[in-house]
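Student: return atomic coordinates for the entry below.
(one chain, ligands or ions: 1)
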Amino acid sequence: MRVGILGFGNMGSAFGRCLKEAIVYDINEEKKKLALSLGLGVANDLEFLKGESELILVAVKPKDKGVLENFKDYQGVIVSIMAGVSIKEIEKLCGRKKIVRFMPNINVLVGEALIGYSKNELVDENLLEEVLKTFKNCGSFVEVREELMDSFTALCGSSPALIFELIDALILAGLREGFDYKTSREIAVQILLGSAKLVKEFEGEVRSLTFKVVSPAGTTAEMLTELERRAFKSSIVEAVRKATQRAKELSKR
Ligand SMILES: NC(=O)c1ccc[n+]([C@@H]2O[C@H](COP(=O)([O-])OP(=O)(O)OC[C@H]3O[C@@H](n4cnc5c(N)ncnc54)[C@H](OP(=O)(O)O)[C@@H]3O)[C@@H](O)[C@H]2O)c1
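Tutor: A predicted model of the protein is given here:
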């Protein structure tokens with residue numbers, strides 16, 4: 001499908017890099033120059049973007065969602081990544097159109113995003129398949145019911161920050177133990193990558209992997225006991241809950 005990207009900031013440009021072919025419209029001239037430098041097409045106005053695109057990825061901030069009022073005559077598919085903006089709200093702005101909602105995360109920068117999606121009834125299964133295929137280089141997809149989108153925003157949209165902090169904490173731990181920064185960084189990143197791969201390939205409960213590492217009165221038991229004392233897991237569960245509550249507050253605006 002011929003893709004148009006509306007808004008070429010952090011996310012729009014990350015999608016543009018993965019897609020490799022797209023036409024971009026942004027109100028900011030610098031962003032247009034960036035799109036050109038990446039070998040993408042640039043539209044000078046919205047009308048041109050609409051005319052050239054079978055699908056438009058709406059990647060402006062939620063506060064700028066009013067731009068959708070210009071899409072009342074658009075016949076293609078609208079794919080919105082705006083956090084907290086429901087399909088119903090999009091329909092209110094631009095009328096009943098074929099609408100798909102995506103909730104990606106920043107890992108789209110390396111083509112490894114997890115993208116939650118929902119759609120309205122005007123998008124049939126064939127069209128949905130075509131849309132997802134168009135974005136296949138951006139990451140993988142999981143269907144999310146609209147009512148769970150705020151939770152998904154917290155879990156998938158915000159959690160990369162949690163993982164970055166975890167990696168940073170492991171780096172600090174490495175430094176404290178006497179490794180240099182480069183080595184600590186390598187250790188932290190490889191632990192994350194290797195453990196994620198192991199979990200992905202292993203079919204049982206994740207917890208049973210933990211117990212493969214624990215030996216009686218050993219180092220891992222000591223580490224886990226300390227984490228337990230500091231409420232490690234419930235801190236994470238509560239943090240995601242808080243992020244979900246914030247996503248719900250923002251959706252109501
Ligand atoms: N960042 C994330 O991790 C993440 C994750 C999931 C979803 N999202 C969603 O992704 C969307 C984009 O976020 P972002 O961080 O990429 O924002 P961003 O960097 O601010 O990019 C938005 C771009 O759109 C431009 N713009 C504003 N109004 C426009 C209009 N009427 N027509 C064309 N372009 C317009 C902005 O220009 P100006 O800068 O001049 O205003 C800016 O270049 C948001 O809705 C956000 O909820 C983000």
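Student: next one, pLDDT for the closest residue to the ligand within the stretch 151-253 of the chain please.
Tutor: Nearest to the ligand in the stretch 151-253 of the chain, going by Cβ to the nearest ligand atom, is Gly157, at a distance of 4.2 Å. Heads up, the C-betas are built off the backbone N, CA and C, glycines and all. We have a pLDDT of 91 for Gly157.
Student: just Ala14 next, same as before
Tutor: Here, the pLDDT recorded for Ala14 equals 94.
Student: which SS class is it?
Tutor: Here Ala14 is helix, with the state taken from DSSP: H, G, I helix; E, B strand; the rest coil.
Student: ok, it - how many residues close by?
Tutor: When neighbours are counted by other Cβ atoms under 10 Å, Ala14 registers 22.
Student: Asp168 too?
Tutor: Quick note: Asp168 (other Cβ under 10 Å) scores 13 neighbours.
Student: next one: Ile191
Tutor: Ile191 sits with 13 neighbouring residues when counted by other Cβ under 10 Å.
Student: how distant is the helix or strand containing Leu128 from the center of its chain?
Tutor: Assigned by DSSP states H and E, Leu128 belongs to helix 125-134. With Cα atoms, centre = their mean, to the nearest Å as the basis, helix 125-134 stands 18 Å off its chain's centre.
Student: cool, and stretch 49-58?
Tutor: 21 Å.
Student: go on, stretch 25-44?
Tutor: That offset, for stretch 25-44, works out to 22 Å (Cα atoms, centre = their mean).
Student: over to stretch 148-158?
Tutor: So, by Cα atoms, centre = their mean, the centroid of stretch 148-158 is 9 Å from its chain's centroid.
Student: restrict that stretch to CA atoms and write it as PDB.
Tutor: Presented in PDB, the C-alpha positions along stretch 148-158 are these (Å, rounded to 0.1, in the frame of the first residue of the first chain):
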ATOM      1  CA  LEU A 148      -7.400  -2.400  26.900                       C
ATOM      2  CA  MET A 149      -5.600   0.200  24.800                       C
ATOM      3  CA  ASP A 150      -4.700   2.400  27.800                       C
ATOM      4  CA  SER A 151      -3.200  -0.600  29.700                       C
ATOM      5  CA  PHE A 152      -1.400  -1.600  26.500                       C
ATOM      6  CA  THR A 153       0.000   2.000  26.200                       C
ATOM      7  CA  ALA A 154       1.400   1.600  29.700                       C
ATOM      8  CA  LEU A 155       2.800  -1.900  29.200                       C
ATOM      9  CA  CYS A 156       4.100  -1.500  25.700                       C
ATOM     10  CA  GLY A 157       4.400   2.200  25.000                       C
ATOM     11  CA  SER A 158       6.000   3.200  28.300                       C
END
